[in-house]
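Engineer: quick one, fold the following:
(one chain, ligands or ions: 1)
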Amino acid sequence: MRLIMFGPPGAGKGTQSKMLTQRYEIPQVSTGDILRGAVKKGTAVGLEAKSYMDRGALVPDEVVVRIIEDRLQEADCQKGYILDGFPRTVVQAEALSRALGRLGKEIDAVINLEIRDEELWKRLTGRRVCSHCGQEHNLFFKPPQREGVCDCCGAALFHREDDQEEAIRNRLVAYKKQTEPLIQYYRERGKLMTVNGEKEISQVFDEIWAALERMSRQ
Ligand code: AP5
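Structural biologist: This is a model prediction of the structure:
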């Protein structure tokens, strides 16, 4: 199974991808996580990506495409994968299609998570991430028991640089201008499945699962 998890920042792509990896036993391939890992390690790619990411702009296509082409060749991707946050531009979608075409493969489905701006604004401004275990909390929906401290491991929580208001505004502009056109791109190719991303996490998952089941019976 080769899936694309699609939607604006905060739509729940990462959350739902993690849940699907358990059902399908295939990896989640998140360009955001790979890039954040590179920033943390201080690699050349990380240093280049950081300035774009911190202000909420997209990292250049050639950087991201190279990362994905390398990652998809790894052994754990041979049975399939869930792409989380890639592709984000038509150039990236075309590069993915060419790379898969060379292997005689294609994407099975694109799950488009729909959500209103006011809802994702709360999810992103309220998100606090544990600096040690990565557990996410949210000041609006799931506040930590002690302010600034992770409920799971007791380490300090931090506010992602790109979850600051100005960066969120830029991420939304980038999404609408550069990424949203992919909805039409994948609709024309008969791959798009749209799901309401505003419901409870488990309800969103059930809807995705039902849509994928319907697809597999066709
Ligand atoms: P990336 O890490 O991909 O960030 P994003 O997509 O902008 O945003 P999120 O990861 O926050 O959103 P999500 O949809 O995964 O939601 P999540 O499940 O986390 O990218 C970061 C940056 O890297 C980009 O801005 C860009 O600079 C660069 N980049 C990455 N990929 C790139 C590419 N292909 N090309 C160029 N540049 C690239 O959920 C968000 C919050 O909401 C969480 O706290 C979660 O717990 C909560 N939540 C989730 N679902 C629900 C629900 N149903 N109800 C209530 N809360 C929920």
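
Engineer: may I have the phi/psi pair for residue 49?
Structural biologist: phi -70, psi -30 (degrees, to the nearest 10).

Engineer: let's have the chain start at 457 instead
Structural biologist: Yes, from this point I'll number from 457; that puts the last item at residue 505.

Engineer: so it makes contact with residue 495?
Structural biologist: Yes - counting by CB atoms under 8 Å, residue 495 is a contact partner of residue 505 at 6.2 Å. In short, each C-beta sits where N, CA and C put it, glycine included.

Engineer: contact residues of this protein facing the ligand?
Structural biologist: 463, 465-471, 487-488, 491, 508-509, 512-515, 520, 541-542, 544, 548, 579, 583, 592, 594, 597, 618, 627, 656-657, 660 (CB under 6 Å from any ligand atom).

Engineer: what segments of the protein are helices?
Structural biologist: 469-480, 487-497, 500-511, 517-528, 546-558, 573-581, 621-630, 637-644, 657-673 (DSSP state H).

Engineer: show me which of the residues of the chain next to the ligand are buried.
Structural biologist: Neighbour counting with 16 or more other CB atoms under 10 Å marks 463, 465-471, 487-488, 491, 508-509, 512-515, 520, 541-542, 544, 548, 579, 583, 592, 618, 627, 660 as buried within the residues of the chain next to the ligand.

Engineer: hmm, residue 538 and residue 482 touching each other?
Structural biologist: Yes - with contact defined as CB under 8 Å, residue 482 and residue 538 form a contacting pair (6.5 Å).

Engineer: and these two? Which one has more around it.
Structural biologist: When neighbours are counted by other CB atoms under 10 Å, residue 538 comes out ahead of the other of residue 482 and residue 538, with 23 against 19.

Engineer: what's across from that one in the sheet?
Structural biologist: Beta-bridge partners for residue 538, by DSSP bridges, are residue 459, residue 484.

Engineer: could the helices of the chain be laid out in TSV, adding mean pLDDT?
Structural biologist: Listed next are these as TSV, based on pLDDT from 0 to 100:
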stretch	mean pLDDT
helix 469-480	94
helix 487-497	95
helix 500-511	93
helix 517-528	94
helix 546-558	95
helix 573-581	94
helix 621-630	96
helix 637-644	97
helix 657-673	92
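
Engineer: now tabulate those helices in JSON lines and tack on distance to residue 610.
Structural biologist: Formatted as JSON lines, the helices of the chain follow (distance: least, CB to CB, whole Å):
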{"stretch": "helix 469-480", "distance to residue 610": "23"}
{"stretch": "helix 487-497", "distance to residue 610": "21"}
{"stretch": "helix 500-511", "distance to residue 610": "27"}
{"stretch": "helix 517-528", "distance to residue 610": "33"}
{"stretch": "helix 546-558", "distance to residue 610": "39"}
{"stretch": "helix 573-581", "distance to residue 610": "24"}
{"stretch": "helix 621-630", "distance to residue 610": "28"}
{"stretch": "helix 637-644", "distance to residue 610": "41"}
{"stretch": "helix 657-673", "distance to residue 610": "24"}
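
Engineer: now for those, which one comes closest to residue 565?
Structural biologist: helix 657-673 (5.7 Å; CB to CB).
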